[in-house]
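Q: Give me coordinates for this.
(one chain, ligands or ions: 2)
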Amino acid sequence: MNDMTARPESPTKVPKLSVKELSKRFHVSGGGLLGGEARYVHAVSDVSFDLERHTTVGIVGESGCGKSTTARLVMHLINPDSGRIALDGELVATDSASLKRFRRNVQMVFQDSSASLNPRLTIEQSIMFGVVVHGASKAEARERSHYLLGRVGLDPALFAGRYPHELSGGQRQRVNIARALAVQPKVVIFDEAVSALDKSIEAQVLNLLNELREEFELSYIFISHDLQVVRYVSDTVMVMYLGQMVEYGQVEDVYNDPQHPYTQALLSSMLSVDPDERTDAAPIQGDPPSPLDLPSGCCFSPRCPHAADICRSLSPKINSTRSSRVACHLVDPAAGHPGRAR
Ligand SMILES: Nc1ncnc2c1ncn2[C@@H]1O[C@H](COP(=O)(O)OP(=O)(O)OP(=O)(O)O)[C@@H](O)[C@H]1O
Ligand SMILES: [Mg+2]
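A: Ligands and ions are numbered 1, 2, ... in the order given. Modelled structure (predicted):
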């Protein structure tokens, strides 16, 4: 593992963003003055990934698996219990000046396009706001907002003076993208940012995101429950289950040859609509266990068709396979899983 505090030899070798062993649990009940056992939701446990320059990492997994919490931790909107985040090889400090700089470099676009925009500000004012906060003159900020409006497909002559309620959901999301890019970030996190859009609009916005990534040399973290969309936009993908990273690798490797039984089940549910792509993997059964009361051993073992005694007693470590990194005893030659010779 690279020491993230080391000075980079060559800037191109250092990942744009490096996330190491990030964990966060939320206290939900007990343990206070009224007593009772303190109970926690383990929202994110020991998550590590690198976002290489000029690439996109996708994050997938069922609802509640910790995708948004991971994004909020990366953005420093909430504090982790443990873990480290480095941008361009430098650990991010948490004093207010460092956080202000970090938040300029790392921007986020959310699913709800209208909640992110102030209804009393015109589109132009919304885009200019962050630019002025970060020290640009009003004239510069206006010029940049008009350029970006044009770039996201909204003619500034028509849209700059409008208010959010006068726009469609797709147009508002284009404004949110322009607003995120206006402060010239290095990384943009999209949390279900296209999920609420009609399919045809979604496709246009995805193409726009790909173009903008090239033009502005950006790196993206792209969160979506839509596995096809993640495949389309991502270079690498992280599969999460109950707050843990279960598989991580190049997107085509993971999609063509998933190693973790959860990834296999997740992808088989995606592919089963296409008769040519059907696989033998059983679709995923039942609901995930409560994140308040995680099973012992591997957190997927209660739903896993390959679960053996070792899976129910010992939590698997991350193993590197020929194509990806996988948290499963089946891929670990040293674990002695009886189904390994599959
Ligand atoms: N502030 C909070 N307090 C208590 N529990 C929380 C809090 N935020 C998130 N959680 C819990 O943490 C877990 C992870 O939630 P998170 O929102 O990160 O999941 P997600 O993968 O983004 O889900 P979705 O696909 O539905 O958006 C869930 O069990 C959720 O209920
Ligand atoms: Mg979420």
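Q: CA atoms for contacts and neighbours, from now on please.
A: Noted.
Q: what about stretch 79-96 and ligand 1, touching?
A: No: between stretch 79-96 and ligand 1, judged by C-alpha under 6 Å from any ligand atom, nothing touches; the nearest distance is 11.4 Å.
Q: could you give me the average pLDDT of that stretch?
A: Per-residue pLDDT values across stretch 79-96 average out to 94.
Q: Check the separation of the first and last residues in that stretch.
A: Stretch 79-96 has an end-to-end distance of 14 Å (C-alpha to C-alpha, to the nearest Å).
Q: What ranges in the stretch 1-150 of the chain fall below the confidence cut-off?
A: The stretch 1-150 of the chain contains residues with pLDDT under 70 at 1-12.
Q: That one: helices as residue ranges?
A: 67-74, 96-105, 123-133, 138-151 (DSSP state H, counting those that start in this stretch).
Q: for ligand 1, what are the nearby residues on this structure?
A: Among all residues of the chain, those adjacent to ligand 1 (criterion: C-alpha under 6 Å from any ligand atom) are 26, 28, 41, 43, 62-69, 291.
Q: Which among those residues count as buried?
A: Among the residues of the chain next to ligand 1, those scoring as buried are 41, 43, 62, 64-69, 291 (criterion: 16 or more other C-alpha atoms under 10 Å).
Q: from those residues, which single one is nearest residue 77?
A: Closest approach to residue 77 among those (C-alpha to C-alpha): residue 69, at 9.4 Å.
Q: Distance of that closest one relative to residue 26?
A: Separation of residue 69 from residue 26 (C-alpha to C-alpha) stands at 10 Å.
Q: between those two, what contacts are shared?
A: By C-alpha atoms under 8 Å, 6 or more residues apart in numbering, residue 69 and residue 26 have these common neighbours: residue 43.
Q: and the longest helix for this protein?
A: helix 199-216 (DSSP state H).
Q: What residues sit buried inside that helix?
A: Buried positions in helix 199-216, judged by neighbour count with 16+ other C-alpha under 10 Å: 202, 205-206, 208-210, 212-213.
Q: Can I get those residues in TSV including pLDDT and distance to residue 297?
A: Formatted as TSV, the buried residues of helix 199-216 follow (pLDDT from 0 to 100; distance: C-alpha to C-alpha, whole Å):
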residue	pLDDT	distance to residue 297
202	92	39
205	92	41
206	95	39
208	94	43
209	95	40
210	95	40
212	95	43
213	96	40
